[in-house]
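>>> With the input below, show me the fold.
(one chain, ligands or ions: 1)
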Amino acid sequence: MARWDIFCTVIDNYGDAAVSWRLARQLTAEHGKSVRLWLDNLQPLSALCPQVNVMLPRQTVLGVDIRHWVNTSASGVYDDTTPPADVVIAAFGCRLPETYLQAMSRQQPAPRWFNLEYLSAEPWVDSCHGLPSPHPQLPLEQQFFFPGFTPATGGLLREADLLTRRDAFQNDAGAQHAFWQRLACSPPSSAIKLSLFGYAHAPLIELLNSWANFPAPIWCAVPHSPLSTLLQAQFGEPPWQIGNVTLHALPFLSQADYDLLLWACDANFVRGEDSLVRAIWAGRPFIWHIYPQEDAAHHLKLAALLQQMNAVTSPDIAAITLEFWRHWNKIENHPYAATRWLENLARIKIAQQHWTQYLSQHNDLAHNLVQCAGFG
Ligand code: TRH
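Presented below is the predicted three-dimensional model:
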């Protein structure tokens, strides 16, 4: 059985751990790989998967051998007694331990070595995906592996049964009711149901004020995040009520439950990288709060994703989505965009379903990586 090592350093938030963990699980469950996941911080992983115990240096959860990577400095000790795997993933360009690199260079044949990059819809990704990068001293070559939205990229993470499970859940009112009950929620059937996840700088209070007089009730599930902290600071203890908008606080959910939340809602506010991809697979309209970068590099990334999405939709729906996304990300001021977006939710949903369907025809990231690694 081919052995895989995934190394990941947590920069901040959940995205780094979330993507590495999802990939590790899929390689194990669907491709029969023996996977070690080296993470320098187990806290985010234990939030995403409560079975993970942050106190353990080594544990196996859902078939993945999880190692607490204690010293990530270049000379850091990972576990010198363990030979490198057949395939090595450095997630998001993290630096591998020098001792590990040395051991990789002695191994015959040398391991396949990939730098799993951040997700972007920018056009240059197509031509950079798969490029080699030789190590400056050692006889090793790393290959860039870019996730992405076109068949020329490494694709998106998507479990083989994901869309079947989603359809079954979305067509099963009883399963949805049981889910809301388990979360101790009771969204009114007449309400537009939303989930809310984003960064602290989102113009949330302004959004709620603009929706306060919306003609239909709006019910919003808010898993623990900077936005729930913001709501608490502004309005006190939950639930929060702003005119026709009710907001229900939730704890931070497991990744599995978070998928159910996205599937159960009429539309979702997501952020970063992994929740964005999960919102796409939910097949429901979503608003993306992009991770802010220096020099406003994220403006280009946001525009690139909008361009890909909007290529398959009508110009008026494309314009409505663009305005709301740019407003939510504070790139431009469009005070009426949120209301216009909500008024057009049914049409936006159809457009979203087209795009999700189109993307689901491409091979998924784990499949592409396994093919590229060549260790069938
Ligand atoms: O946490 P993030 O902001 O992570 C970010 C991005 O990945 C960004 O690209 C990266 O540069 C930065 O980290 C360092 O957003 P993201 O990527 O959506 O990850 C959140 C994960 O949390 C995702 O797997 C969904 C999951 N989640 C839950 O499991 N339960 C929840 O209740 C919520 C709200 C999210």
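
>>> Quickly list what Val61 is bridged to.
Residues in a beta bridge with Val61, per DSSP bridges, are Val64.

>>> Spell out which parts of the chain neighbour the ligand.
11-16, 18, 48, 118, 197, 223, 225, 252-255, 258, 271-275, 291 (C-beta under 6 Å from any ligand atom). Any C-beta I mention is one placed from the backbone N, CA and C, and that applies to glycine too.

>>> Please pick the buried ones from those.
Buried members of the residues of the chain next to the ligand, scored by 16 or more other C-beta atoms under 10 Å, are 13-16, 18, 48, 118, 197, 223, 225, 253, 255, 258, 271-275, 291.

>>> and those, which of them are in helices?
Using DSSP state H, the members of those that fall within helices are Gly15, Asp16, Ala18, Leu48, Gln255, Tyr258, Asp274, Ser275.

>>> Now the last one. Nearest residue, chain neighbours left out?
Distance criterion C-beta to C-beta, 6 or more residues apart in numbering; nearest residue to Ser275, sequence neighbours excluded, is Phe197 at 5.8 Å.

>>> How about the contacts made by that neighbour?
Taking C-beta atoms under 8 Å, 6 or more residues apart in numbering, we find Phe197 in contact with Pro223, Ser225, Leu227, Asn268, Phe269, Val270, Arg271, Ser275, His289.

>>> partner residues bridging the fifth one?
Counting by DSSP bridges, Phe269 is bridged to Leu196, Ile287.

>>> which residues touch it?
Leu194, Ser195, Leu196, Phe197, Gly198, Ala202, Phe286, Ile287, His289, Trp328.

>>> Kindly recompute the last result at 10 Å.
The neighbours of Phe269, taking C-beta atoms under 10 Å, 6 or more residues apart in numbering as the test, are 194-198, 202, 204, 207, 220, 222, 225, 227, 275, 279, 286-289, 328.

>>> Can you tell me the closest non-neighbouring residue to the residue of the stretch 101-250 of the chain found nearest the ligand?
Residue nearest to the ligand within the stretch 101-250 of the chain: Pro223 (3.3 Å; C-beta to the nearest ligand atom). The shortest distance from Pro223 to any non-neighbouring residue, by C-beta to C-beta, 6+ apart, is to Leu250 (4.6 Å).

>>> Tabulate the ones in helices among the buried ones among the residues of the chain next to the ligand (CSV), appending pLDDT.
Formatted as CSV, these follow (pLDDT from 0 to 100):
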residue, pLDDT
Gly15, 97
Asp16, 97
Ala18, 98
Leu48, 98
Gln255, 98
Tyr258, 98
Asp274, 98
Ser275, 98
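
>>> from those residues, which single one is nearest Arg36?
Distance to Arg36 across those (C-beta to C-beta) is lowest for Asp16, with 16.5 Å.

>>> My guess is the closest one contacts Leu48. True?
No: using C-beta atoms under 10 Å, Asp16 makes no contact with Leu48, being 11.0 Å away.

>>> Report the residue spans of the protein with pLDDT below the cut-off.
Low-confidence segments of the chain (pLDDT under 70): 71-81, 375-376.

>>> surely Ala212 meets Val245?
Yes: with contact defined as C-beta under 10 Å, Ala212 counts as touching Val245 (6.2 Å).

>>> Thank you kindly, that will do.
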